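Trainee: here is the input, now give the coordinates:
(chains A and B)
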Amino acid sequence: AQSVTQLDSQVPVFEEAPVELRCNYSSSVSVYLFWYVQYPNQGLQLLLKYLSGSTLVKGINGFEAEFNKSQTSFHLRKPSVHISDTAEYFCAVRWDNFNKFYFGSGTKLNVKP
Amino acid sequence: DGGITQSPKYLFRKEGQNVTLSCEQNLNHDAMYWYRQDPGQGLRLIYYSQIVNDFQKGDIAEGYSVSREKKESFPLTVTSAQKNPTAFYLCASRQTGVYEQYFGPGTRLTVT
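Mentor: Numbers count the residues shown, from 1 in each chain, chains lettered A, B, ... in the order given. So this is what the prediction gives:
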């Protein structure tokens, strides 16, 4: 069965420090990968996506993610975080033969001054 | 402005009452989705529709119903059969041939 795992439910980090939010999924066959950000009581906003091609993808707000087929991972990174990055981040996967999206349980990023 | 609207933002109901959540999009997207979000559980798919007059159950459809009579509208009814309806509900849409979904602002439903 398809599954998406975000092992870290909360990640505290100091402002201007680097951060990595981890995402693993159950199968690498024909996947499309996404990271979304959610601010409190709001909908989800697309940060970046991997469809094909280069395994390193860049998104909005200075975020980037790397697709690793052998490890079935799609970790999100930012070299220097800001207070405004405090939010919840969701990894999502769509397998090619499905019209459904599968979401991880989310990682709350808490950026401290 | 193109986008997805969900109304109302906050909704309160008494136990045993049915309630309908609105989702409207003017993006001309073919597919629409309803998700339920609970703390620490991510998003769980309730129903989705790829075309007008057609929809499929998601992973947690019990106690919910939907309709898709118009391309731009996909209302969700939370029935009294839903055992734990208090949650944040998110609507999303996607254009055919585009891989990502776009989300509305959500409706927080509280049932007491």
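
Trainee: burial count for the closest residue to chain B within chain A?
Mentor: Residue nearest to chain B within chain A: A:Gly43 (3.8 Å; CB to the nearest CB). The way it works is simple: take the backbone N, C-alpha and C, and place the C-beta from them, glycine included. Using other CB atoms under 10 Å in any protein chain shown, A:Gly43 has 20 other residues around it.

Trainee: wait, isn't B:Pro8 in contact with B:Thr107?
Mentor: Yes - counting by CB atoms under 8 Å, B:Thr107 is a contact partner of B:Pro8 at 6.5 Å.

Trainee: need the overlap of contacts for these two.
Mentor: Residues within reach of B:Pro8 and of B:Thr107 at once, by CB atoms under 8 Å, 6 or more residues apart in numbering or on different chains, are B:Ser22.

Trainee: quick one: the helices in chain B?
Mentor: Counting by DSSP state H, one finds no helices in chain B.

Trainee: run a quick neighbour tally on the closest residue to chain A within chain B.
Mentor: When distances are taken as CB to the nearest CB, chain B reaches nearest to chain A at B:Phe103, 3.8 Å away. Using other CB under 10 Å, B:Phe103 is surrounded by 22 other residues.

Trainee: picking that back up, what sits against the residue of chain A closest to chain B?
Mentor: Per CB under 8 Å, 6+ apart, neighbours of A:Gly43: B:4, B:6, B:90, B:103-106.

Trainee: backbone phi and psi for the spatially closest residue to A:Gly59 that is not a sequence neighbour, please?
Mentor: Nearest residue to A:Gly59, sequence neighbours excluded (CB to CB, 6 or more residues apart in numbering or on different chains): A:Leu48, at 2.7 Å. Main-chain dihedrals, A:Leu48, degrees, to the nearest 10: phi -170, psi 170.

Trainee: surely A:Leu48 touches A:Gly62?
Mentor: No - under the criterion of CB under 8 Å, A:Leu48 is not in contact with A:Gly62, lying 10.6 Å apart.

Trainee: give me the more crowded residue out of these two.
Mentor: A:Leu48 (20 against 13).
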